[in-house]
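**Q** for reference, the sequence and a predicted model appear below.
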Amino acid sequence: MKIAEIKGLSTKELIERVDADTFSLQQLKINHSISPLDNPSKIKQLRRTIARVKTELWQREEQIINTET
């Protein structure tokens, strides 16, 4: 998921996305430990997507805090 797509989502959608992607990441890790994945780089991509979404959420929080002070 690209940064521009992430910025276009609402905060609620971002939170839901983090939850869903975190669950998917756990499932991928479990499946990979049982039998190797065809494309293990999916784990890396999903981890980075989660980090991008969390970064955007954090930036929005900081923006709200800075506008209040």
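**A** All right, it came through fine. Quick caveat, the model's predicted, so the values are computed rather than measured.

**Q** going forward, measure contacts between C-alpha atoms and count neighbours the same way
**A** Fine.

**Q** wait, what's in contact with the residue sitting nearest the centre point of the chain?
**A** Centroid-nearest residue in the chain: Ile50, 1.9 Å away (criterion: C-alpha atoms, centre = their mean). Counting by C-alpha atoms under 8 Å, 6 or more residues apart in numbering, Ile50 makes contact with 18, 21-22.

**Q** how close does it sit to Pro36?
**A** Distance check for Ile50 against Pro36: by C-alpha to C-alpha, to the nearest Å, it reads 22 Å.

**Q** averaged pLDDT, the longest helix that the chain contains. What do you get?
**A** Assignment by DSSP state H gives helix 41-68 as the longest helix of the chain. Taken as a whole, helix 41-68 has a mean pLDDT of 95.

**Q** list the buried residues for it?
**A** 43, 46, 49-50, 52-54, 56-57 (16 or more other C-alpha atoms under 10 Å).

**Q** would you pull up how far it lies from the middle of the chain?
**A** On the basis of C-alpha atoms, centre = their mean, to the nearest Å, helix 41-68 sits 7 Å off its chain's mean C-alpha point.

**Q** could you measure from Asp21 over to Glu61?
**A** With distances taken as C-alpha to C-alpha, Asp21 is found 20 Å from Glu61.

**Q** to clarify, my last question referred to Asp38.
**A** 38 Å.

**Q** then Ile43?
**A** 27 Å.

**Q** then Leu46?
**A** 23 Å.

**Q** now Pro40
**A** For Pro40, the distance to Glu61 (C-alpha to C-alpha) stands at 33 Å.

**Q** ok, Ile50 next?
**A** In terms of C-alpha to C-alpha, Ile50 sits 17 Å off from Glu61.

**Q** go on, Thr67?
**A** Thr67 is 10 Å from Glu61, by C-alpha to C-alpha.

**Q** surely Leu25 and Ile43 touch.
**A** Yes - at 6.5 Å, Leu25 counts as touching Ile43 under the criterion of C-alpha atoms under 8 Å.

**Q** good, wrapping up.
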